[in-house]
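S.K.: Turn this into a model:
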Amino acid sequence: MYLNCHSYFSLRYGTFSEKELLELGQKHHQKVLSLTDINNTSGCLSFVRLAAEYNIKPIIGIDFRLGAKQLFVAIAKNNKGFQEINSYLSYYSHNKQAIPEEAPPFNAAIVIYPLSQIVSLGKDNFSQNEYIGVNTNEPPHLHRSPYFKYIDKMVLLHQVTFRHKSDFNVHRLLRAIDNNTLLSKLPKTEEGQLSDTFLNEETINQIEQTYPLLLRNTEAIQNECSIYFDFSANRKHQNLLSFFGDSNRDYKFIEKLCQKGLKKRYDEITPIITARIEKELATIKEMDFLAFFLANWKIIRYAKSKGYYHVGRGSGANSIVAYLLGITDVDPIELDLYFERFMNLYRANPPDFDIDFSSKDRNDVTNFIFEYFKGSGQVALLATYNCFKHSGAVRELGKVFGLPKPELDLLSDGKYDANKLDDIQTLIVKYSQLLIGIPNHLSVHSSGIIISEKPIHYFSATNLPPKGFPTVQFDMEIAEDVGLFKYDILGQRGLGKIKDTLAIIKENRPNLPPIDIHDVKSFMHDPKINKNVSEAKCIGCFYVESPAMRMLLKKLGVSTYLELVAASSIIRPGVAKSGMMREYILRHRDPERQKQAHPVMLKIMPETYGIMVYQEDVIKVAHYFAGLDLAEADQLRRGMSGKFRSRDEFVKVKRKFINNCREKGIPEETIKEVWHQTESFAGYAFAKGHSASYAVESYQSLFLKTYYPLEYMVAVLNNGGGFYRTETYVHEARLHGAHIHSPDINISQKQSLIKGKHIYLGLNHLHNLDTDLIDKILLERNRNGSYKSIENFLDRIDTGSEQIEILLRIGAFNYTGINRRELLWKALYKLNKEIPKTQQNELFKHKAKEIFLPKLNSTKLEDAFDQMEILGYPLCNPFHLAEKTSNNNLATDMESFLNTEITLYGYLVTRKRTVTVKGQNMYFGTFLDKKGQWIDTVHFPPVAAKYPFKGQGVYELKGKVIDEFDFLSIEITQMYRISYIQDPRYTF
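M.R.: Numbers count the residues shown, from 1 in each chain. Model prediction:
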């Protein structure tokens with residue numbers, strides 16, 4: 001009976017989820033229910049999947065509207081009809097065109113026009129699949145309508161958008177937000193009706209008695225429509241089924257690629273290797289994933305042809321076939337990786353590869369995928385739902401109620417006394433809570449691409465966001481439910497650093513032989529590289545440079561690839577949260593302690609001392625410890641991630657995990673401990689292959705940092721740095737012998753460059769220097785040569801006094817040998833005296849009038865303060881700018897003060913805030929001493945409150961030196977920021 005129901009995917013209109021709609025339908029004894037969201041299909045597949053749980057037959061369609069005006073409702077008779085209406089909506093969405101008032105002649109979809117629209121159109125002929133929709137207010141007057149003669153074509157078109165008055169109020173707020181207007185000025189035409197709810201029995205009976213044909217016609221449509229998507233555990237996937245159009249040809253080709261890869265990857269081909277290949281190929285073929293592997297191979301092949309670097313990671317790195325095809329660079333035999341974690345006959349949800357490219361190369365790779373696989377519209381990006389959160393909800397509602405910005409800021413921050421709020425503020429806080437979790441708008445998944453066998457519109461309508469690639473209207477979770485795997489194409493700076501370093505080395509040291517950056521196995525056994533890892537000398541290197549990772553590397557004494565693989569996963573929040581990171585360190589350092597592990601756990605995970613470190617360990621523990629089958633174990637692993645945790649399937653598996661352990665006679669305390677470990681870390685842990693992939697890239701970075709530190713640091717600067725600020729990487733380059741120069745107008749490029757051991761910072765490092773001006777400077781220099789003087793520069797470049805002042809103060813014209821103050825006077829004089837430049841070339845060059853100035857000077861100290869303003873940091877040692885310090889203790893002296901108090905001075909690099917179990921703030925600080933060595937500090941809540949961080953600068957640090965697993969840090973008791981010396985530029 002209900003042909004026009006909305007969920008909250010009717011964006012900024014609907015008020016509840018598709019699941020809540022089904023719950024309402026069940027409550028009102030509905031056997032059939034139709035979801036027709038406004039210009040959106042986000043909820044359709046989920047609605048179909050869930051409907052069986054409520055014993056409801058699902059019907060899906062689209063409520064086509066122009067703003068809030070309902071044009072017509074299109075309902076899919078079947079899957080082909082759903083594809084039709086999806087294609088129709090997508091056409092107008094992609095072309096940013098308004099939907100026409102009248103529907104096209106659909107072949108497999110029913111069209112229902114509201115009676116008001118029929119009147120507006122003056123429509124008087126109807127095809128077999130076209131109907132007139134009558135709402136509950138119209139039957140009493142229906143017999144007077146000139147369209148009463150079409151009673152055989154009339155159906156009940158009653159909207160369901162609300163559950164109660166509170167939903168209606170939320171709806172009005174959403175409409176005001178959508179219209180960017182005050183609630184008091186929201187037109188009634190932009191709202192639904194308070195009566196857009198499930199009907200009471202009295203109303204239904206009245207309609208049935210007055211016009212029974214309305215309900216019979218409505219029921220006939222419901223009977224005519226049937227939609228089906230397979231969500232069963234044994235469903236077939238919906239992805240590209242064949243790469244070449246023939247699965248046998250696919251199989252032969254992938255076998256050929258494996259044989260070719262064997263010769264490249266292995267010096268000795270053992271029976272273990274061949275058996276593993278045969279096993280994987282058999283599984284891949286049986287599960288119809290040959291095309292999946294070949295599609296990834298094609299993507300990587302294209303990237304390599306363009307000189308792009310990549311990292312294949314995620315659980316896909318557990319596959320030897322992926323290794324042989326060059327999709328990953330992780331040897332699963334060497335690491336004993338668990339292929340079943342990636343793909344197995346019991347796995348209901350599709351696997352995926354995570355493939356990283358340089359951020360600069362990623363868009364081109366994505367474009368290739370869409371061009372190569374587009375076929376009949378079978379490639380699309382995945383969507384994500386941007387839902388209202390507290391801050392956003394409060395701000396949007398504040399605008400709707402006309403609150404000034406200071407009040408919005410107060411409510412948004414959440415730092416207010418509820419008892420002191422006025423009525424409007426209280427109302428905003430109340431309704432903001434109701435908005436939280438409701439989708440606000442659709443966005444694009446950070447990396448997910450789907451390539452389906454069927455046209456994309458078979459599953460969803462698509463949008464065309466600014467990226468220019470069609471994007472489905474559902475997210476990753478629904479994609480997996482319906483059997484669509486995603487290709488994760490990600491961008492990361494680490495690969496850009498590697499690629500750029502090789503190019504910089506080639507230019508700066510042209511006589512060196514070519515570097516094989518993929519010879520990772522030799523890097524792993526290089527004693528110099530491993531020594532740097534064990535000493536945590538990894539600044540700038542992918543995934544191993546942060547203070548937390550530096551601390552872990554030292555505590556574990558990591559000096560091998562396998563140890564780094566483990567460290568890459570142990571550092572994740574879940575392991576630390578469960579308390580097992582500390583336990584892992586203890587067992588790693590003390591083999592006797594390993595015996596304390598539960599015997600079954602130690603047997604399952606001997607390599608990690610009976611401690612869960614990788615995602616595979618969750619599967620192993622669930623299977624061998626708790627007796628779940630592999631499908632249930634993988635379901636448990638997936639359920640540990642937040643978005644699946646609330647599902648009924650996960651709850652059932654959790655219950656079975658605990659019950660099975662009890663039936664085995666495992667003590668309750670042990671069950672509780674193992675479950676706590678599993679639950680607290682699994683949602684954050686890496687697959688072992690993922691950690692191994694990260695470690696491969698880390699070793700590539702470490703190789704370059706160890707042997708080509710200056711070139712590598714330039715690449716780091718040019719790729720946006722990493723964990724730390726730019727200043728830290730400039731400092732690191734200086735420690736390795738670089739001579740750092742501020743930008744030079746005749747040498748520098750937009751990005752930083754190196755000549756021998758001299759690094760010239762790029763012009764893009766200058767705060768407030770216009771990017772268009774940078775382009776002009778470089779273009780003119782390339783065309784007509786270097787700038788001979790400040791006058792010559794100003795003759796050739798049209799710029800204002802503010803911009804030229806930046807260049808002069810930073811020393812970009814130091815090559816002239818003239819003091820920058822004198823240059824500034826000359827520049828300002830010339831700019832003030834000259835008439836504006838024209839684009840026309842001058843016939844005769846007039847020599848600029850020479851001005852004579854008294855001798856002007858500037859000091860290196862003044863230069864440093866200028867650098868701090870323009871670059872954000874000085875190029876000299878920052879300790880030279882601090883007032884005199886009272887002692888000369890350095891980081892290297894800390895060992896002599898073990899368990900006693902020390903006072904030393906450190907330049908703040910970064911700090912990390914954390915919250916104790918009591919909700920108090922504490923901090924971990926990272927500093928550099930005057931020699932450039934690291935100082936790590938701990939600030940417990942009382943000290944953190946009394947001696948807060950006060951921004952960048954040199955701090956006097958007092959505290960006790962503590963040693964934890966050979967990692968020294970200072971437990972701070974007092975901390976003061978040292979004042980800078982007086983700025984000589986303002987001294988008179």
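S.K.: Now the phi/psi pair for the residue nearest to residue 741 when sequence neighbours are not counted, please.
M.R.: Excluding the flanking residues, the one nearest residue 741 by Cβ to Cβ, 6 or more residues apart in numbering is residue 760, at 4.7 Å. The way it works is simple: take the backbone N, C-alpha and C, and place the C-beta from them, glycine included. Dihedral angles phi and psi of residue 760 (degrees, to the nearest 10) take the values phi -100, psi 120.
S.K.: now residue 385
M.R.: Per degrees, to the nearest 10, the backbone of residue 385 is at phi -100, psi 120.
S.K.: show me the contacts for it.
M.R.: In this structure, residue 385 makes contact with 42, 439, 442-443, 475, judged by Cβ atoms under 8 Å, 6 or more residues apart in numbering.
S.K.: Tell me the spacing between it and residue 873.
M.R.: 40 Å (Cβ to Cβ, to the nearest Å).
S.K.: about what we covered before: if you rank the contacts of residue 385 by neighbours, which is first?
M.R.: Comparing the contacts of residue 385 by number of neighbours (other Cβ atoms under 10 Å), residue 42 comes first, having 25 neighbours.
S.K.: That one: what secondary structure?
M.R.: coil (DSSP: H, G, I helix; E, B strand; the rest coil).
S.K.: wait, it sits on residue 473?
M.R.: Yes. Using Cβ atoms under 8 Å, residue 42 makes contact with residue 473 at a distance of 4.5 Å.
S.K.: doesn't residue 570 make contact with residue 691?
M.R.: No. If you go by Cβ under 8 Å, residue 691 and residue 570 don't touch, sitting 9.0 Å apart.
S.K.: need the contact list for the nearest residue to residue 359 once chain neighbours are set aside.
M.R.: Sequence neighbours aside, residue 491 is the residue nearest to residue 359 in space, at 3.7 Å (criterion: Cβ to Cβ, 6+ apart). Shown in contact with residue 491 (Cβ under 8 Å, 6+ apart): 356-362.
S.K.: what are the phi and psi values for residue 491?
M.R.: Per degrees, to the nearest 10, the backbone of residue 491 is at phi -110, psi 140.
S.K.: re earlier: among the contacts of residue 385, which pair sits farthest apart?
M.R.: The largest separation in those, counting by Cβ to Cβ, is between 42 and 443 at 11.7 Å.
S.K.: In three-state terms, label residue 961 for me.
M.R.: Of the three states, residue 961 takes strand according to three-state DSSP.
S.K.: In stretch 471-479, which residues are buried?
M.R.: 471-476, 478-479 (16 or more other Cβ atoms under 10 Å).
S.K.: How about the residue nearest to the spatial centre of the chain: what's its closest non-neighbour residue?
M.R.: By Cα atoms, centre = their mean, the chain has its centre lying nearest to residue 446, at 5.0 Å. Nearest in space to residue 446, with sequence neighbours left out and distances taken as Cβ to Cβ, 6+ apart, is residue 490 at 7.0 Å.
S.K.: wait, the one you found sits on residue 365?
M.R.: No. Between residue 490 and residue 365 there is no contact under Cβ under 8 Å: 10.2 Å.
S.K.: Beyond the helix or strand of the chain with the lowest mean pLDDT, next helix or strand please.
M.R.: Here the helix or strand of the chain ranked lowest by mean pLDDT, DSSP states H and E is helix 642-645, holding a mean of 53. Counting by DSSP states H and E, the next helix or strand C-terminal to helix 642-645 is helix 648-663.
S.K.: Mind listing what's buried along that next one?
M.R.: 650, 653-654, 656-658, 660-661.
S.K.: out of the residues you listed, who's nearest residue 198?
M.R.: Using Cβ to Cβ, those come closest to residue 198 at residue 650, 30.5 Å.
S.K.: Tell me where the stretch 701-850 of the chain is predicted with low confidence.
M.R.: Low-confidence segments of the stretch 701-850 of the chain (pLDDT under 70): 833-850.
S.K.: Quick one: the helices in it, in order.
M.R.: Using DSSP state H, counting those that start in this stretch, the helices found in the stretch 701-850 of the chain span residues 709-718, 726-735, 771-784, 790-796, 801-809, 820-833.
S.K.: now swap in the stretch 551-700 of the chain and tell me
M.R.: All helices of the stretch 551-700 of the chain, identified by DSSP H, counting those that start in this stretch, fall at 561-570, 573-577, 580-589, 599-604, 615-620, 630-639, 642-645, 648-663, 668-682, 688-707.
S.K.: and for stretch 600-610, what are the contacting residues?
M.R.: 336, 566, 584, 587-588, 594, 597-598, 611-614, 617, 620-621, 624-625, 674.
S.K.: where in the stretch 201-350 of the chain is pLDDT low?
M.R.: 346-350.
S.K.: Look up how far residue 861 lies from the residue nearest to residue 859 when sequence neighbours are not counted.
M.R.: Nearest non-adjacent residue to residue 859, counting by Cβ to Cβ, 6+ apart: residue 984, 6.3 Å away. Plainly put, residue 984 is 5 Å away from residue 861 if you go by Cβ to Cβ.
S.K.: Neighbour count: those two, which is higher?
M.R.: Counted by other Cβ under 10 Å, residue 984 and residue 861 do not tie: residue 861 has more neighbours, with 17 against 12.
S.K.: dump the residue contacts of residue 502.
M.R.: 515, 517, 704.
S.K.: Nearest to residue 55 among those residues?
M.R.: Distances from residue 55 to these, taken by Cβ to Cβ, are shortest for residue 517, at 59.2 Å.
S.K.: Surely the closest one is in contact with residue 498?
M.R.: Yes. Counting by Cβ under 8 Å, residue 517 does reach residue 498; the two are 6.2 Å apart.
S.K.: Find residues that contact each of those two.
M.R.: With Cβ under 8 Å, 6+ apart as the test, residue 517 and residue 498 both reach 309, 700, 704.
S.K.: Name the nearest residue to residue 753, sequence neighbours excluded.
M.R.: Excluding its sequence neighbours, the residue lying closest to residue 753 (Cβ to Cβ, 6+ apart) is residue 760, at 5.5 Å.
S.K.: how much space between that neighbour and residue 821?
M.R.: On the measure of Cβ to Cβ, residue 760 and residue 821 end up 23 Å apart.
S.K.: ok, now residue 78?
M.R.: Counting by Cβ to Cβ, the gap from residue 78 to residue 821 is 80 Å.
S.K.: could you give me the average pLDDT of stretch 448-468?
M.R.: For stretch 448-468, mean pLDDT is 93.
S.K.: Please read the previous query as pertaining to stretch 612-627.
M.R.: On average, stretch 612-627 scores 86.
S.K.: For that stretch, buried residues please.
M.R.: Neighbour-count burial for stretch 612-627 [16+ other Cβ under 10 Å]: 612-623, 625-627.
S.K.: and the residue lying closest to residue 718 once chain neighbours are set aside, how many neighbours?
M.R.: Spatial nearest neighbour of residue 718, excluding adjacent residues (Cβ to Cβ, 6+ apart): residue 751 at 4.3 Å. Residues near residue 751, counting by other Cβ under 10 Å, number 17.
S.K.: Distance check, the closest residue to residue 325 other than its chain neighbours against residue 328.
M.R.: Setting aside the residues directly before and after it, residue 325 is nearest to residue 297 in space (Cβ to Cβ, 6+ apart), at 4.6 Å. Distance, residue 297 to residue 328, using Cβ to Cβ: 11 Å.
S.K.: more crowded one of those two?
M.R.: Taking other Cβ under 10 Å, residue 297 and residue 328 do not tie; residue 328 has more neighbours (30 against 21).
S.K.: Three-state assignment for that one, please.
M.R.: From three-state DSSP, the assignment for residue 328 is coil.
S.K.: what comes up buried for the lengthiest strand in the chain?
M.R.: Counting residues, the longest strand found in the chain (DSSP state E) is strand 901-915. Burial within strand 901-915, assessed by neighbour count using 16+ other Cβ under 10 Å, is assigned to 902, 904-909.
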